[in-house]
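[1] Mind looking at a prediction? Sequence and model below.
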Amino acid sequence: MSQDTFPIRKVDHVRFHVGNAKQSAYFYQHVFGFDITGFAGLETGQRDEVDYLLEQNDLKFVFTAPIRPGHPMSERIAYHGDYVQDIAFEVDDVDWAYETAVARGAGAAREPFTLEDANGTVRLASVHTYGDTLHTFVNRDHYRGHFMPGFAARNEPGDPIGLIEVDHCVGNVELGKMNVWVKWYEQVLSFTQLISFDDKDISTEYTALMSKVMSNGNQRVKFPINEPAEGKKKSQIDEYLEFFGGAGVQHVALRTTDICTVVARLRARGMQFLHVPKNYYEELPNRVGQIDEDIKELADLGILVDRDEDGYLLQIFTKPIADRPTLFYEIIERKGAKSFGKGNFKALFEAIEREQALRGTL
Ligand code: FE2
């Protein structure tokens, strides 16, 4: 094994900038089953914005909203809609990570600084990646408290449904920019390319896209990067770029070890998923061979299956979760497979195109 020249432990948290953090927190608590575990705002001495911390197993989501007119955050939220603003990494050494990333060409967003309270210190620094997205480096090895100084503990349980961690986070970038950002992750964060797809792999009658999957040294952080390719009509990536207003996070994949239960419960709570045509399941046994799950149950729930040389995976995609056709979620269960569901792309994109046609954006 070659030396990891940019050690990242894992995704620490995902931060969203939203118009109304209280209602976002309610949605993620009641639909996805997150616990609300922390809060910062007026009551804790934070005068200009609020933060809600939500957790489920190893997942930490932070919802941040401005609470005063003219707050600088408001302009970006008005432009993009609610969006993933930061994918934060836990690292051994924040100062080293920041200085190295900037020396290797990352845009500086916030120099290293320390947050402190009676429980100790947390060190943080941030760099810019594609669009308005940041990567914050976090280290809390000298902190005995929960999450970060500034957050007051909250205990509002949300009936967790078995979501474990971020499996991967997908970025959509502009036409011709995929290789620019692939190079950025290689040069700045020492990521390596796991897989690439081109428009021959991922095309339907209407949609084409290119994708490369980048991963950090310990392979716990996986970032597919998509760009649109020429198609007959507007691709889902073009649609995203138009409605988001540039490059940004397209979907976050959440890993579980019991996808059937997770999806059944999400459906019962009103989550909507992309519709999979019935004939998908007629072809499934031939395509993926023997699997543990009952195909009838998978068909009833709309769960997709794909196999690679290491095993198979089960996955499903939600419809966009806010007003714009931008951010959505994937739920994924891995049974050995390390890939991303290439065999499902065609069926999936045809499903997305049916939704696009309804929106008049195909
Ligand atoms: Fe995905």
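    Cool, the structure landed.

[2] Near the ion, which residues of the protein? Just list them.
    Near the ion, the residues belonging to the chain are 253, 330 when assessed by CB under 5 Å from the ion. In short, each C-beta sits where N, CA and C put it, glycine included.

[3] What is the least confident helix or strand in the chain?
    helix 345-359 (a mean of 80; mean pLDDT, DSSP states H and E).

[4] quick one: it to chain centroid distance?
    From the chain centre to the centre of helix 345-359 is a distance of 20 Å (CA atoms, centre = their mean, to the nearest Å).

[5] Show me which residues of it are buried.
    Going by neighbour count (16 or more other CB atoms under 10 Å), the buried part of helix 345-359 is 345, 347, 348, 349, 350, 351, 352, 353, 355, 356.

[6] farthest residue from the center of this protein?
    What lies farthest from the middle of the chain is residue 118; by CA atoms, centre = their mean that is 32.7 Å.

[7] tell me the contacts of that one?
    Going by CB atoms under 8 Å, 6 or more residues apart in numbering, residue 118 touches residue 145.

[8] again, but for the one 3 residues further on
    Contacts of residue 121 were listed using CB under 8 Å, 6+ apart, and they are 114, 115, 142, 143, 149.

[9] All the strands of the stretch 151-300 of the chain, residue numbers only.
    For the stretch 151-300 of the chain, the strands defined by DSSP state E, counting those that start in this stretch cover 152-156, 163-172, 192-197, 209-215, 222-228, 248-256.

[10] Go through those strands and pick out the most buried.
    Most buried of those, by mean neighbour count (mean count of other CB atoms under 10 Å): strand 222-228, with a mean of 24.

[11] Could you check the angle that one makes with strand 209-215?
    160 degrees (axes from the mean of the first three to the mean of the last three CA atoms, to 10 degrees).

[12] Neighbouring strands - and their directions - for strand 222-228?
    strand 163-172 (parallel), strand 209-215 (antiparallel) (DSSP bridges).

[13] Identify the residues contacting it?
    Contacts for strand 222-228 (CB under 8 Å, 6+ apart): 130, 167-178, 181-182, 185, 191, 194, 208-215, 235, 237-238, 241, 250, 340.

[14] what do you get for stretch 335-348?
    Counting by CB under 8 Å, 6+ apart, 168, 194-195, 197, 201-204, 213, 224, 274, 276-277, 280, 287-288, 291-292, 304-308, 310-315, 317, 332 sit against stretch 335-348.

[15] Return the distance of the spatially closest residue to residue 216 that is not a sequence neighbour relative to the ion.
    Closest residue to residue 216 apart from its sequence neighbours, by CB to CB, 6 or more residues apart in numbering: residue 8 at 4.7 Å. To the ion, residue 8 is 20 Å away according to CB to the ion, to the nearest Å.

[16] Ok, residue 185 next?
    Applying CB to the ion to residue 185 and the ion gives a distance of 17 Å.

[17] Please list all residues in contact with that residue.
    Counting by CB under 8 Å, 6+ apart, residue 185 touches 191, 214, 223, 225.

[18] Redo these as a markdown table? Include pLDDT and distance to residue 85.
    Shown next, in a markdown table, are the contacts of residue 185 (pLDDT from 0 to 100; distance: CB to CB, whole Å):
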| residue | pLDDT | distance to residue 85 |
| --- | --- | --- |
| 191 | 97 | 21 |
| 214 | 95 | 20 |
| 223 | 96 | 16 |
| 225 | 95 | 18 |
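
[19] Out of the residues you listed, the closest to residue 22 would be?
    Residue 22 has its nearest neighbour among the contacts of residue 185 in residue 223, at 30.0 Å by CB to CB.

[20] Okay, and the beta partners of that closest one?
    Counting by DSSP bridges, residue 223 is bridged to residue 214.

[21] Looks to me like the residue nearest to residue 216 is in a helix.
    No - if the criterion is DSSP: H, G, I helix; E, B strand; the rest coil, then residue 8 is coil and not within a helix.

[22] where does this protein dip in pLDDT?
    Low-confidence segments of the chain, defined by pLDDT under 70: 1-2, 198-207, 232.

[23] tell me the contacts of the residue lying closest to residue 182 once chain neighbours are set aside?
    For residue 182, ignoring the flanking residues on the chain, the nearest one in space by CB to CB, 6+ apart is residue 212 at 5.1 Å. Each residue near residue 212 by CB under 8 Å, 6+ apart is listed here: 178, 179, 182, 193, 195, 196, 197, 224, 225.

[24] how near is residue 212 to residue 349?
    The gap separating residue 212 from residue 349 is 18 Å, by CB to CB, to the nearest Å.

[25] can you check residue 283 too?
    Distance, residue 283 to residue 349, using CB to CB: 16 Å.

[26] show me the contacts for residue 138.
    12, 13, 88, 89, 90, 91, 94, 122, 123, 124.

[27] how about a cut-off of 6 Å?
    Residues near residue 138 by CB atoms under 6 Å, 6 or more residues apart in numbering: 12, 88, 90, 124.
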